[in-house]
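Participant: kindly return the folded structure for what I paste below:
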Amino acid sequence: MQRSHRSFSCAAWFSRPLVLLLPLVLLLSLMLTNCTTAPRLINNGPFANDSGFVAPGENLELMEIPPIPLALSKEVKAYTESRSAVISSWHPTKREMLITTRLNDVAQVYRVARPGGMRHEMTAFAEPATGAVFEPKHGNYFVFQMDKGGNENFQFYRFDMASKAVVLLTDGSSRHTDRVTSINSGLIAYAKIRRTPTGAFTEIHIMDPANPAGDRKIADLPGGGFSPQNWSPDDTQLLVQEFISQNESYLWVFNVATGAQKLITPKGGADKVYYGGAEFDHDGKSIFTSTDKDNEFQRLVRIELDSGIHTYFTSAIHWDVENYALSPDGNTMAFTTNEDGISVLHVMELASGIRRKVPSLGNGVIMGLEWRGDSSELAVSLSSARSPTDVFSVAIATLSVTRWTRSEAGGIDLDNTSEPELVHWKADDGLTISGFLYAPPPEFKGPRPVIINIHGGPEGQSRPSFLGRTNYFISELGAAVIFPNIRGSTGYGKTFLARDNGLLREAAYADIEALLKWIATRPELDKNRVMVTGGSYGGHMTLVVAYRYADKIRCALDVVGMSNLRTFLENTESYRRDLRRAEYGDERDPKIRDWMDRTAPVNNAAKITKPLFVVQGANDPRVPKTEAMQISETVRNHNVPSWFLMANDEGHGFAKKKNQDFQMFATVMFVKKYLLN
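Facilitator: Below is the predicted model:
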């Protein structure tokens, strides 16, 4: 039987780098932290609707952004109304499910009773509610999570199906993540972050959501990298991942009663090894995981707990296994491979080793693998260039596909949205770099302006999923958009992934210069009209490009980017600091510190000569808001146009539609004024 259910949510990946596709107008944000040189922020407004301008929300702070005409907002509106739906949990006894979608301002939990059926709203909060998982026997309640203003201090709540009452299960203030539910008992295991003056610690807790007063701690661990993964068949053991970086992690088994810990993947080898989570086999004597041990890519493997013997299932597939889930009856493994950015879904009979692909889902990106309790059906969330994220199920016996949701695309013409072209270029050192190019419709003649959108992470990957609002820039403004996967991106093997670590990052910066040179060779692209943008690490890359290659771009849009890796590491939340040092280098090392200061965009701001737009949220625990404020102020002091937008009710990504809309309108004005003119 399936022993546990891991909630599908961005929150569940708190200890990992930001691994998100960041379309042009995805809004990230910055945390409140000590600020020694904060500029004075001025709200340019509000602009009353009867004045002919868009009124900024009361939580928005603006600098230099001109009044936004209502006419522009109406022109763009069709591209701001698309939605998405993500699978959360099957009901344990009925063929119905919980999904997460947004029908109003933020994502909430909805019940869908049949394929194509009405979405019944279960939660209705001002903040996003995500990660809902049913009680595993009767579905009497579900547990979900929510933070406040994007601060990522997630709390768990119980929603009772009969009374509709909502009960807070956690302390209301600390950070709680990585919840995993036992399918047998309904117990949950989760990680709680405890902050001290000397650093952060992870507590592993066990709780019965029906009796939260019985919550107990079973382990107290150093740092912020430990996360529960799976319950054993008899609920006596817990699999726990220790995350160091995207190149290095370890797996432990914890005794639930005593807290005793046993390392099951050895440390100290010559090569770093990454294990992507884990699940117990049906007999509890072995585990399934994905790993790049002795291989470039993540392979699906079964590890016997007593002997340590590894049995690999996907050695013939030279791509990463990125997600996997064992059926409740233990007979079938579902997994996805990431093949040049496209997800391929496989189902494999464990007894025979027979593997089948599910071709009818089409090309796109698959998120979440959720088995129905009787093992007959698998639910997934799928996004593609011409379809918002929606929920589908696959009948395992026949591999027939059923669509459960059909998310609205707003006014976007899905039949005419741009399909991505996989393109390649050579870096100066000969390394091949790839990305996805979205070309505008053929009615736009002549060389087209270009928007380069760099993903976050750095250990992320741009993939051919639904672009939503970004389609406006392609379909209506005639811009070409390129999503590069520079060195350090996931999906291309562990050697490629590690090529930007520490002082190697200079080569990653140069990968964008190589892209700019490649653009100049394409007659359909206008090398003289290029804008660079990105979020989080993509925002950092944007700022680096803005000062290093200012003569090759028209303007730049930085979304929660780090303007100095040293000050970022010094001020990011303590539970993330060591995890990020593994990627960027340790700022306490004098050599690393000197390099970070010498190459920091904020210390090279005099070289930023093209207009800059900086976007952030005030409550982001990942990248402090001071990173954005210091670069915006410094550039402005050099008399370069520097637009600034901050949302005081957001974190690392604007989650509220009203804030997303305003930033979209401002971005359109910025693009029209500085890229297209």
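Participant: where exactly do the strands run in the stretch 551-677 of the chain?
Facilitator: In the stretch 551-677 of the chain, the strands defined using DSSP state E, counting those that start in this stretch lie at 555-559, 612-617, 642-647.
Participant: cool, and the stretch 51-200 of the chain?
Facilitator: Along the stretch 51-200 of the chain, the segments classed as strands by DSSP E, counting those that start in this stretch run 60-63, 85-90, 97-101, 108-112, 119-121, 130-134, 141-146, 155-160, 166-168, 175-182, 188-196, 199-208.
Participant: show me what the first one is packed up against.
Facilitator: Right, strand 60-63. If contacts are counted by 3 or more Cβ pairs under 8 Å, 6 or more residues apart in numbering; DSSP states H and E, strand 60-63 sits against strand 642-647. For the C-beta atoms, the positions are set from N, CA and C on the backbone; glycine is no exception.
Participant: mind redoing it with 10 Å?
Facilitator: If contacts are counted by 3 or more Cβ pairs under 10 Å, 6 or more residues apart in numbering; DSSP states H and E, strand 60-63 sits against helix 625-637, strand 642-647, helix 657-670.
Participant: tilt between the longest one and strand 642-647?
Facilitator: For helix 657-670 and strand 642-647, the angle between their directions (axes from the mean of the first three to the mean of the last three Cα atoms, to 10 degrees) works out to 170 degrees.
Participant: buried residues of helix 657-670, list them for me.
Facilitator: Buried residues in helix 657-670, counted by 16 or more other Cβ atoms under 10 Å: 657, 659-670.
Participant: stretch 144-160 now?
Facilitator: Buried positions in stretch 144-160, judged by neighbour count with 16+ other Cβ under 10 Å: 144-159.
Participant: what about it, start to end distance?
Facilitator: 11 Å (Cα to Cα, to the nearest Å).
Participant: before we move on, back to that, for Leu645, find the nearest of the strands of the stretch 51-200 of the chain.
Facilitator: strand 60-63 (5.7 Å; Cβ to Cβ).
Participant: rewinding a little: out of the buried residues of helix 657-670, which one sits closest to Lys192?
Facilitator: Asn659 (29.1 Å).
Participant: the residue nearest to that closest one when sequence neighbours are not counted pairs with what?
Facilitator: Once flanking residues are discounted, Asn659 sits nearest to Ala647: 4.8 Å by Cβ to Cβ, 6 or more residues apart in numbering. Beta-bridge partners recorded for Ala647 (DSSP bridges): Leu60, Gly617.
Participant: from Leu565, how far off is the residue nearest to Asp578 when sequence neighbours are not counted?
Facilitator: Closest residue to Asp578 apart from its sequence neighbours, by Cβ to Cβ, 6+ apart: Gly223 at 5.5 Å. Distance, Gly223 to Leu565, using Cβ to Cβ, to the nearest Å: 20 Å.
Participant: these two - which one has more neighbours?
Facilitator: Set Gly223 next to Leu565 and count neighbours by other Cβ atoms under 10 Å: Leu565 wins out with 25 against 20.
Participant: for Ile287, give me its contacts.
Facilitator: Neighbour list for Ile287: 229-230, 232, 239, 251, 253, 264-265, 275, 277-281, 301-305, 326 [criterion: Cβ atoms under 10 Å, 6 or more residues apart in numbering].
Participant: for ChimeraX, write the selection for the buried entries among these.
Facilitator: Buried residues among these (16+ other Cβ under 10 Å), as a ChimeraX selection:
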select :229,230,232,239,251,253,264,265,275,277,278,279,280,281,301,302,303,305,326
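Participant: out of the contacts of Ile287, which are inside strands?
Facilitator: Using DSSP state E, the members of the contacts of Ile287 that fall in strands are Gln229, Asn230, Leu239, Leu251, Val253, Glu279, Phe280, Val301, Arg302, Ile303, Glu304, Leu326.
Participant: name the nearest residue to the fifth one, ignoring sequence neighbours.
Facilitator: Distance criterion Cβ to Cβ, 6+ apart; nearest residue to Val253, sequence neighbours excluded, is Lys262 at 4.8 Å.
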